[in-house]
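Chemist: Test case, fold it:
(chains A and B)
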2 protein chains.
Amino acid sequence: MATIIDGKAVGDAILEEIRAQVATSSAAGQVVPGLAVVLVGDRKDSATYVRMKKKACEKVGIRTVSVTLPADISFDELLKHIDTLNTDATVHGILVQLPLPAHLNEELVLNRIVPEKDVDGLHPMNLASLAIKSKLPYMVACTPAGCLELLDRYKIPIEGKRAVVLGRSRIVGIPMSLLLLERNATVTVCHSKSQNLEAVVREADIVIACCGQAQMVKASWLKHGAAVIDVGINAIDDATKKAGYRLVGDVDFEQAKEVAGAITPVPGGVGPMTIAMLLTNTLLAQQRSLK
Amino acid sequence: MATIIDGKAVGDAILEEIRAQVATSSAAGQVVPGLAVVLVGDRKDSATYVRMKKKACEKVGIRTVSVTLPADISFDELLKHIDTLNTDATVHGILVQLPLPAHLNEELVLNRIVPEKDVDGLHPMNLASLAIKSKLPYMVACTPAGCLELLDRYKIPIEGKRAVVLGRSRIVGIPMSLLLLERNATVTVCHSKSQNLEAVVREADIVIACCGQAQMVKASWLKHGAAVIDVGINAIDDATKKAGYRLVGDVDFEQAKEVAGAITPVPGGVGPMTIAMLLTNTLLAQQRSLK
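Modeler: Here you go, the predicted structure:
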């Protein structure tokens, strides 16, 4: 049976490392790291994510600045808020909770954040830096960075290995594939138009499932001993649960764990890592701002 | 035997299309498309490339502005020249011939060109736009764009096919893989640290060889009927030639053409396409500037 990769434990360990560093930094009289969290509208799921991120910040001593804006805010008004945060020296990271209401152009909003404060790592300059082995400082997108951190902390070799990334989103699939490439894996990116998906996945020593399809990846798709990182979070009906549903990943975990060498559960795998990497990036931005 | 993909003929056809469009644009009283070519130092190969590009511009009616600078120019001085071109309304495209002398930071120089005039498609914002399915106008890197154009003009299907890109450079490998992904291929990127390269290449319906290793890809590596695009240009000793050498690609062409379904020769394959796409981008930049 596979090693179950404990994202909660690794995430907690990282938070503890950050807490210690923030304490040292504060003791040395440095400015407290600050994260601005911009929430537009009143989506319940977005509010939950924002709350979780703020709680994690509190735990480690990162100051948060909440910018809560009405769903009907104009594009120009939103940009003004971002510009204010861009020039605020006490704010080191800016996070705009996605998705934004439909009338706001997400791409242009994200592009407005100065790359130095883009702790989500979604600015084009940060994404491109991944692609070009940039010598400039940059921020790595949180979820892919979290996946890589899990592989590293579980000492799963990457160089020369075959990695298959299922999904090509801006937030996960593309930066993930570039990160694995930078670490010298041979990387294949699959998506909804890929043919013979099972055969392609079966070649992989490392599988990153980020396709947003509940339990799509079956045990029979996996090479024996493969490392499986499951980024998916999907709600499926479950009458035995009080809420009437439960959360599952993009991998059929119960079966897959019998074939894989190592695998992340959902929840408790990649999820906690994403927040840990967000705080890591915020601390990094604060440290860079001191130079 | 494979169809030999005639890059020279396709390139010439594109130049003729551009010539006609420039003529129409000029007849309508529009500003003539202008390309600035910045050459730093006196490398012979760079001077040759610049001369070829200028000659092609002349052929189609694109105006060129030559900026020839000494090898010991300072970084700040070079940036001043770029800034001047950035704001010159008669210059629609800016090309900085690479490589630059070692004391100049290529990345920072390329980043200085405004993305709208980056006809080489190497600015991070343009590269990132490929990765995020940007809705903003952007420029596609010339060599990968040329490879794709060859596949399209020879009606080689891409969607759902397996493509293997050998090489992960900023100029070719990475943008090529993103372009193929955008066109719904299942894309694998290989490099010097990849293992079992032959087996990986043998899976491919489309092979893009851009690894810079003379005749590395052998016939035995290819799936029968695969489309092979050879980006390599390598000089190898040849006593039968007056110059003492000849140019070959990254693919062992003579053998490979017996197995492939379609293949580009070197020279006369991708090479002429790169210049054609540069002029295509320059015309595109001029047309966008009119809006």
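
Chemist: What parts of the stretch 151-291 of chain A come near chain B?
Modeler: A:159-162, A:168, A:170, A:174, A:177-178, A:181, A:184, A:186-191, A:193-195, A:200 (Cβ under 8 Å from any Cβ of the partner chain). In short, each C-beta sits where N, CA and C put it, glycine included.

Chemist: Can you select the buried ones among these for me in ChimeraX?
Modeler: Here the buried members of those are turned into a ChimeraX selection, burial being counted by 16 or more other Cβ atoms under 10 Å in any protein chain shown:
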select /A:161,162,168,170,174,177,178,181,184,186,187,188,189,190,191,194,200
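
Chemist: Cross the residues of the stretch 151-291 of chain A next to chain B against helices and list the overlap.
Modeler: Using DSSP state H, the members of these that fall within helices are A:I174, A:S177, A:L178, A:L181, A:V200.

Chemist: Between which two of these is the distance greatest?
Modeler: Looking at these by Cβ to Cβ, the two members farthest from one another are A:L178 and A:V200, with 18.8 Å of separation.

Chemist: For A:F75, which non-adjacent residue is closest in space?
Modeler: With sequence-adjacent residues excluded and distances taken as Cβ to Cβ, 6 or more residues apart in numbering or on different chains, A:F75 is closest to A:L104, at 5.7 Å.

Chemist: Could you do A:V119 as well?
Modeler: Spatial nearest neighbour of A:V119, chain neighbours left out: A:G93 (3.5 Å); criterion: Cβ to Cβ, 6+ apart.

Chemist: can you check A:Q287 too?
Modeler: Sequence neighbours aside, A:S25 is the residue nearest to A:Q287 in space, at 7.7 Å (criterion: Cβ to Cβ, 6+ apart).

Chemist: what are the ranges of the helices in chain A?
Modeler: A:7-27, A:44-60, A:75-87, A:106-112, A:124-131, A:142-153, A:173-182, A:197-202, A:253-256, A:270-289.

Chemist: From the chain's centroid, how far away is stretch A:231-251?
Modeler: Taking the mean C-alpha point of stretch A:231-251 and that of its whole chain, the gap between them comes to 20 Å (Cα atoms, centre = their mean, to the nearest Å).

Chemist: typo on my end, stretch A:46-63
Modeler: In terms of Cα atoms, centre = their mean, the centre of stretch A:46-63 is found 15 Å from the chain centre.

Chemist: same thing with stretch A:195-206?
Modeler: Per Cα atoms, centre = their mean, the displacement of stretch A:195-206 from the mean C-alpha position of its chain is 23 Å.

Chemist: end to end, how far does it reach?
Modeler: The first residue of stretch A:195-206 is 19 Å away from its last residue (Cα to Cα, to the nearest Å).

Chemist: Give the buried residues for it.
Modeler: Applying a neighbour-count criterion of 16+ other Cβ under 10 Å, the buried positions in stretch A:195-206 are A:L197, A:V200, A:V201, A:R202, A:E203, A:A204, A:D205, A:I206.

Chemist: Between these, which sits nearest A:V10?
Modeler: Lowest distance from A:V10 to these (Cβ to Cβ) belongs to A:I206, with 16.8 Å.

Chemist: which residues does the closest one bridge with?
Modeler: A:I206 forms beta bridges with A:A163, A:A227, as assigned by DSSP bridges.

Chemist: Relative to A:G249, how far out is it?
Modeler: From A:I206 across to A:G249, the span is 16 Å (Cβ to Cβ, to the nearest Å).

Chemist: Tell me how far the residue nearest to A:I158 when sequence neighbours are not counted lies from A:L130.
Modeler: Excluding the flanking residues, the one nearest A:I158 by Cβ to Cβ, 6+ apart is A:R183, at 4.5 Å. Computed with Cβ to Cβ, the distance linking A:R183 and A:L130 is 11 Å.

Chemist: and if you look at A:A219?
Modeler: Taking Cβ to Cβ as the measure, A:A219 and A:L130 are separated by 32 Å.

Chemist: Next: A:I171.
Modeler: Distance of A:I171 to A:L130, given as Cβ to Cβ: 13 Å.

Chemist: In terms of neighbours, single out the busier of these two.
Modeler: A:L130 (27 against 21; other Cβ atoms under 10 Å in any protein chain shown).

Chemist: my guess is the more buried one contacts A:V140, does it?
Modeler: Yes. A:L130 sits in contact with A:V140 when judged by Cβ atoms under 8 Å, with a separation of 6.8 Å.

Chemist: What count of nearby residues applies to the closest residue in space to A:L69 that isn't next to it in sequence?
Modeler: Once its chain neighbours are removed from consideration, A:L69 has its nearest residue in A:V40; the separation is 4.8 Å (Cβ to Cβ, 6+ apart). Taking other Cβ under 10 Å as the criterion, the count of residues near A:V40 is 23.

Chemist: what's the answer for the one 3 residues further on, then?
Modeler: The number of residues packed near A:R43 is 17, by other Cβ under 10 Å.

Chemist: contacting residues around it?
Modeler: The neighbourhood of A:R43, defined by Cβ atoms under 8 Å, 6 or more residues apart in numbering or on different chains, consists of A:P99.

Chemist: Next one: it from A:T68, what distance?
Modeler: 12 Å.

Chemist: Check A:I14 too.
Modeler: Applying Cβ to Cβ to A:I14 and A:T68 gives a distance of 27 Å.

Chemist: Which one's more surrounded, those two?
Modeler: In terms of neighbours (other Cβ under 10 Å), A:I14 is the more surrounded of A:I14 and A:T68; the figures are 21 against 12.

Chemist: Would you check that the more buried one makes contact with A:T280?
Modeler: Yes. Taking Cβ under 8 Å as the contact criterion, A:I14 and A:T280 are neighbours in contact, 6.5 Å apart.

Chemist: For the residue nearest to A:I158, what are phi and psi?
Modeler: Main-chain torsions, A:R183, degrees, to the nearest 10: phi -90, psi 20.

Chemist: Could you double-check that it lies in contact with A:E159?
Modeler: Yes. Using Cβ under 8 Å as the test, A:R183 is close enough to A:E159 to be in contact (6.4 Å).

Chemist: can you pull the contacts of the residue nearest to A:Y245 when sequence neighbours are not counted?
Modeler: Of all residues beyond its chain neighbours, the one nearest A:Y245 is A:A235 (4.5 Å), with distances taken as Cβ to Cβ, 6+ apart. Residues near A:A235 by Cβ under 8 Å, 6+ apart: A:Y245, A:R246, A:L247.
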